[in-house]
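Trainee: got a predicted structure here, sequence first:
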Amino acid sequence: MKAVILYRPNSEHARVVEEYMHDFVRRNPSAKMELLSLDTIEGTDKVSLYGITQYPAILAMKDDGALMKHWEGVQFPLMNELAAYIHG
């Protein structure tokens, strides 16, 4: 399982997103986590596919792409909660 964070790298929330990811990966070194820019084709596709309306957004997904849970906006989940989805 993995997590994807959709965000805009040059936005007001970029630093918060990047720090969250850094801290999460430091605490969960085996976790699969990816930052994905909304300005890429892949980012735009994920927004469309999963119906994301607020940014940044965190998606907890199975390896086959099935969405298990998502969070939108700057109210990020607790790291323990996200880790529970990723580590199953």
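Mentor: It's in. Treat the numbers as computed from the prediction; the structure is a model and nothing was measured.

Trainee: all helices of this protein, in order?
Mentor: Listed in chain order, the helices found in the chain under DSSP state H are 14-27, 41-50, 79-87.

Trainee: just send the ones you listed back as JSON lines, with mean pLDDT too.
Mentor: Listed next are the helices of the chain as JSON lines, based on pLDDT from 0 to 100:
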{"stretch": "helix 14-27", "mean pLDDT": "96"}
{"stretch": "helix 41-50", "mean pLDDT": "95"}
{"stretch": "helix 79-87", "mean pLDDT": "92"}
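
Trainee: among those helices, which comes closest to Met68?
Mentor: Proximity to Met68, assessed across the helices of the chain by CB to CB, is greatest for helix 79-87 (5.5 Å). Quick note: C-beta positions are derived from backbone N, CA and C, even for glycine.

Trainee: what does the closest one contact?
Mentor: 1-3, 23-24, 27-28, 30-33, 58, 60, 68-69, 76 (CB atoms under 8 Å, 6 or more residues apart in numbering).

Trainee: ok now it, how far from the chain's centre?
Mentor: A distance of 12 Å separates the centroid of the chain from that of helix 79-87, by CA atoms, centre = their mean, to the nearest Å.

Trainee: with stretch 39-50 instead?
Mentor: 12 Å.
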